[in-house]
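Trainee: Generate coordinates for the sequence data below:
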Amino acid sequence: MASISNLTSTRDSRSDRLLVVTPLMVTYVLLCLRDAWIADDAYITLRSARNWVEHFEPNFNLGIRAQAFTSEAWHAVLAVVYGVIPHGYLALLGASLAVATATTALLLWRVIPRDRGIAPIVLLGSLLLSSRSYVDYSTSGMENALLHLMVVVLYLFWAQPHDPNDAASSRIWSRNILLTSIGLVMTRLDHAPLALPFAWAAIAGLWPHLKRWPLCRCLLLYGSPFLLWKAFSIVYYGSLLPNSALSKLSHGQPTGEMLAQGLGYFYSSIFLDPVLMIALGVAVVVGWFSPRGRSRKLAIAIVLQMAICIWVGGDFMAGRFLTASFVLATIVIAREAALTRGPTLGQLVAAVAVVGLSLLGTRPVWTSSLEGSRRPFDARGIVDEASAWSLQTGLWNVNRDFFLPVGHRRETAARLQGPGPYFGDSLGIETFYGDENARVFDAVALVDPLLSRMPSVREPWWRIGHFTRMVPKDHAWFLVGKRKDYSIPELGPLAERVRNVTTGPFWDRRRLFDAIALSFSPWPRPEDVSFDQLFGHINVVEWPGAEPLLKQKIDGLGIVIRSPRFVTARKITLSVQRDSAPTKTSLNARWVMAYFVEGGVERMRVRIPSSNKKPMETVIQLEDGVRGRFDGVAIRPAHLSDKSTLTAFTIE
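Mentor: Here you go, the predicted model:
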C-alpha cells in the first residue's frame, strides 16, 4: 500500500496512483449504491425518451408536441439506455451511475498531473466523497451526472498541451473544446456560463490561424448540433425553449423576491451540504488571487453560474443547481494545491478537515444513509429531494421483484387508463407507469404547450419551480380536440395556433408557418386576462357578515362570496372538506383554490388543503397590497371534476 512517504512525495508512479484512486473509487461506488434513489422528475424525461424509442415521438403525451424535457443531451442518453434496458427504474439508475462513475474516475485519475504527487488526489477525493449533493445526484436519474462529465471533459481538453503556433494542433484543440461546450449547453442551457472560459480560449486559439469568414464557418460547423436542434425545436414544437422552461419564465413574481429566493437557496443548501458551499467560496477566492490566469478564468465562470442561480431563484431541490459548479470548484482547488510548492502534508490535513466539515451537515455522507423524511420542506419551499423520495424510489426500498417504486404514486398510476385527458399534481412516476396513451396535464404547465404560455398570477405563498396557472374551463379538452372553441375568446387565436402546431398534421404548410410565428410571438400579459374571462359566471353568495355563513357546496366552477366586511378584513379563516375521492381526470385532488378578486381582477390566490376525513382549517393573513382591495372571494376546486364543502368561513 501507499506509505506516508509516498503520499507526501511530489511525484507518483502509476502503481502509487492506482493504490490511492482504487479505494477512493470503491468507496464512492459503495456510497452511491447505499444512497441510490431516483427523482420523480426523472420519469418525466424518461417518458418522453420511451415515446421516442417506441413511437418515434419525442413527446411526453403521445400526439401532442411539447418538449417536456429540459436536457436534450440527457434525453438522448436515456433513449439509448432505455432501448437497451427497457425498464424504467434500472435504465435511470444504470445511466446515472455509469456516467457518474466515469466522471469521478476521470477526476481522480486525470486532473492532477503525474509529477505533482498523490496528496492532491486525496484532497480531491475527500471533497467529492464528502459532498452530500454530489453523491445524491450521482444516482438521481437527473441530468446532473452528464453535466458533471461535460465539465470534466471540457477541462481535460482545455488543459491538454498543444502548440498554439501550429494551425493543425490549434484547430484540433479548439474543435474538441467547442464541441464539448455545445454538449454542456445542450445538457443544461442555464449552465452555459461554465463553458464560457473554455469556449473563449478555443476561439482565441483559432483566431491567429483563420481569417474572419473561415472562422465564422468553423464556428457554425462546431455549433451545428445546437443550431440544428433549435431549428428542429422551432419547426416541431413551435418553441425555441423547452416547455418546462417556458412554464417557469412567466412566473409573475417580483425580481426582488426572486433574488431573495435565490440567496435563500444558498442558505438552505449550506445546511445540507457545507462541503459544497465552502468549496465554492474557497475556489472563487483561491482562483481569483492565483498567479495563474487559467484558475482566475475558472473562478469567474463559477461566479457567473452562481449569479445565474440567484437570478432565477435557485431551485426547489437543495444543492442540485450547484453540483456542476462544485465539480469545477474541486478542479480549481486540487489544481492550485498541486501547482503550489507547499507542504504536501498540509494537503492531507486539509483532506481530513473536509471530512470533518461534512459531519456538520444535516445528513452527512459518512454517517447518515438515505433515510426518508416526511417533513423535508423548509420555509422557502426547498427540499432535501433525495431524502423526500427515498421511501418510494430508494434502491433498498423499491419492490425487490421488479425494481418498481412503491407508495401511493404507483396506485395512482393504475387509474391512468385510456387517453383521458387527466390532471395531476405530479407527472413523474404516475404517468410513466400508467397507460402510455394517457394524456396528462398539470397546472404547473410543465407539459402543457398552451398553459406554459399563459400568465402565472402572483401567489402570496409560492414555491420555486412550481408556478401554477388557473386552468380555464374545458382547457385540456380543447387541446386534445374534444372542444372546438376555447373558453376564453380573447385567447382564442393563441389557443388555436398552439393546438394547430402541437396536434395538427406535421407537414401542413399552415402548421409550419404557425410554428415559426409561435416561436417568436409575445406571451399574454397577466393584465390581458382577468378572472372573469378565465372562469366566466360563478354562483355568487351575498353574505352580510353578521351571521355565520351556511355550508356551501364547491363544485364545477365554484362560488364567489361577497361581503361588505371585506373592506376591513385583516384575517380570514375557512374550513374545507373534500366530498369526492380522486377521480379518473383528477389524480391528486388535495386542494381547493381561493381567489381574492376586485371586480374581474385577481389580487391574490391561496391553495387551501382539503381532506376526505374531516374539515381542514386554513388561516389566511391578508397582505398589505390585498387588504381592503378586494370585494369577493372565489372558491373553486383545483380540478373541475372535484367536489368539496365549505364548512366554515369567518372574517377578522
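Trainee: C-alpha only now, for contacts and for neighbours.
Mentor: Noted.
Trainee: Run a quick neighbour tally on the closest residue to Arg110 other than its chain neighbours.
Mentor: Of all residues not flanking Arg110 in the chain, Leu156 sits nearest, at 7.6 Å (C-alpha to C-alpha, 6 or more residues apart in numbering). Neighbour count of Leu156, defined by other C-alpha atoms under 10 Å: 16.
Trainee: Look up the pLDDT of Leu156 for me, please.
Mentor: On pLDDT, Leu156 comes in at 94.
Trainee: repeat for Leu146
Mentor: So, for Leu146, pLDDT stands at 96.
Trainee: can you check Pro526 too?
Mentor: Reported pLDDT for Pro526: 55.
Trainee: Over to Phe403?
Mentor: pLDDT, Phe403: 65.
Trainee: and what of the one 3 residues further on?
Mentor: At Val406 the predicted local distance difference test score is 60.
Trainee: Could you shift the numbering so residue one becomes 12, and keep it that way?
Mentor: Sure, I'll start numbering at 12, so the last one becomes Val417.
Trainee: In the helix or strand in which Leu41 is found, which of the residues would be classed as buried?
Mentor: Assigned by DSSP states H and E, Leu41 belongs to helix 25-45. Neighbour counts over helix 25-45 (16 or more other C-alpha atoms under 10 Å) mark 27-29, 31-32, 35-36, 39-40, 42-44 as buried.
Trainee: Output that helix as CSV, restricted to C-alpha atoms.
Mentor: Output of helix 25-45 as CSV, limited to C-alpha atoms (Å, rounded to 0.1, in the frame of the first residue of the first chain):
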residue,chain,number,x,y,z
ARG,A,25,1.3,4.6,-11.9
SER,A,26,1.1,2.0,-9.1
ASP,A,27,1.1,4.6,-6.3
ARG,A,28,-1.7,6.5,-8.1
LEU,A,29,-3.6,3.2,-8.6
LEU,A,30,-3.3,2.3,-4.9
VAL,A,31,-4.9,5.7,-4.0
VAL,A,32,-7.5,6.0,-6.7
THR,A,33,-8.8,2.4,-6.4
PRO,A,34,-10.0,2.7,-2.7
LEU,A,35,-11.5,6.1,-3.4
MET,A,36,-13.5,4.8,-6.3
VAL,A,37,-14.6,1.7,-4.4
THR,A,38,-15.8,3.9,-1.5
TYR,A,39,-17.6,6.3,-3.9
VAL,A,40,-19.4,3.5,-5.7
LEU,A,41,-20.4,1.9,-2.3
LEU,A,42,-21.7,5.3,-1.1
CYS,A,43,-23.7,5.8,-4.3
LEU,A,44,-25.2,2.3,-4.1
ARG,A,45,-26.1,2.8,-0.4
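Trainee: Could I get the average pLDDT for that helix?
Mentor: On average, helix 25-45 scores 90.
Trainee: and the closest residue to Arg28 other than its chain neighbours, how far is that from Leu356?
Mentor: Excluding the flanking residues, the one nearest Arg28 by C-alpha to C-alpha, 6+ apart is Ile129, at 6.4 Å. Using C-alpha to C-alpha, to the nearest Å, one gets 11 Å for the distance from Ile129 to Leu356.
Trainee: Just the CA atoms of stretch 483-499, as CSV, please.
Mentor: Output in CSV follows, covering the C-alpha atoms of stretch 483-499 (Å, rounded to 0.1, in the frame of the first residue of the first chain):
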residue,chain,number,x,y,z
PRO,A,483,-59.8,27.6,-17.8
LYS,A,484,-62.9,25.5,-18.3
ASP,A,485,-62.5,22.7,-20.8
HIS,A,486,-58.9,23.7,-21.4
ALA,A,487,-57.5,20.2,-21.8
TRP,A,488,-60.5,19.0,-23.8
PHE,A,489,-59.7,21.8,-26.3
LEU,A,490,-56.1,20.8,-26.6
VAL,A,491,-56.9,17.2,-27.4
GLY,A,492,-59.5,18.2,-29.9
LYS,A,493,-62.7,17.4,-28.0
ARG,A,494,-63.8,21.1,-27.9
LYS,A,495,-64.0,23.3,-31.0
ASP,A,496,-63.6,26.7,-29.4
TYR,A,497,-61.5,27.9,-26.5
SER,A,498,-63.4,29.1,-23.4
ILE,A,499,-61.7,32.5,-23.3
